[in-house]
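Enquirer: here are the coordinates; sequence isn't available:
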């Protein structure tokens, strides 16, 4: 997402918060986490400190790729400077994640393939990293196997729930692995 759009969304979130005086509203996880990051989390390379805790967040992924439902990271694009900013903090991990492969059934084949390969790359990166965690190796290898077995089928047969389930589980495992 771009910085200007996120600033507009954050202004809306803050207005809703002031109006309801409850501080909670239902927002898509990616929008909420990334918007919150824009103003309140450390920007990698700039060392800005965390200034307040995020709102509770329930992540509901709609693709099988980033694993963001279990990670403390987000990327924000500043279109003006053409710069991507990685932001992260342990407090960014969502409170809960509802991972349902039904949410991916309408993804077009190209997006299914691209996000599935993203998940696979997270798993491979975590496995070969010099900063690896050997206790996660079985989990990582299982994720690689799941995606390897099911991604082509999920791309070819968009309504194949078993294939979508395996790719989504592989994505979740990739998110856990890349964040550990």
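Expert: Structure received. Here the structure is a predicted model, which is why all the values come from computation and not from measurement. Numbering: from 1, shown residues only.
Enquirer: Let me know whether residue 88 touches residue 73 as I believe.
Expert: Yes. The pair residue 88 / residue 73 is scored as a contact, 4.2 Å apart, by Cβ atoms under 8 Å. From N, CA and C alone the C-beta is placed, and that goes for glycine too.
Enquirer: Tell me where the model's unsure across the chain.
Expert: Applying pLDDT under 70 to the chain flags residues 1-7, 9-55, 76.
Enquirer: what are the ranges of the helices in it?
Expert: Ranges of helices in the chain, per DSSP state H, are 3-20, 29-40, 109-128, 137-156, 161-178.
Enquirer: Enumerate residues external to the third one that contact any of its residues.
Expert: Which is helix 109-128. When contacts are defined by Cβ atoms under 8 Å, 6 or more residues apart in numbering, helix 109-128 is touched by residues 63-67, 104, 107, 132-133, 136-137, 140-141, 143-144, 147-148, 151, 154-156, 158, 167, 170-171, 173-175, 177-178, 180.
Enquirer: let's see 7 Å
Expert: 63-67, 132, 136-137, 140, 143-144, 147, 151, 154-155, 158, 167, 170-171, 173-175, 177-178 (Cβ atoms under 7 Å, 6 or more residues apart in numbering).
Enquirer: Any of those buried? List them.
Expert: Using 16 or more other Cβ atoms under 10 Å as the burial test, the contacts of helix 109-128 include 63-67, 136, 140, 143-144, 147, 151, 154-155, 158, 167, 170-171, 173-175, 177-178 as buried.
Enquirer: Would you mind measuring from residue 176 to residue 99?
Expert: 12 Å (Cβ to Cβ, to the nearest Å).
Enquirer: How about residue 127?
Expert: 21 Å.
Enquirer: And those two? Which one has more around it.
Expert: residue 99 (19 against 16; other Cβ atoms under 10 Å).
Enquirer: thinking that one is in contact with residue 63, fair?
Expert: No. Contact between residue 99 and residue 63 fails when scored by Cβ atoms under 7 Å: they sit 11.3 Å apart.
Enquirer: burial measure for residue 161, as a count.
Expert: Neighbour count of residue 161, defined by other Cβ under 10 Å: 13.
Enquirer: That one: what's its closest spatial neighbour, skipping adjacent residues?
Expert: residue 101 (6.0 Å; Cβ to Cβ, 6 or more residues apart in numbering).
Enquirer: Measure how buried the one you found is and give me the count.
Expert: Per other Cβ under 10 Å, the neighbour tally for residue 101 reads 20.
Enquirer: Tell me which residues touch the closest residue to residue 108 other than its chain neighbours, please.
Expert: Excluding the flanking residues, the one nearest residue 108 by Cβ to Cβ, 6+ apart is residue 158, at 7.9 Å. Going by Cβ under 7 Å, 6+ apart, residue 158 touches 105, 109, 112.
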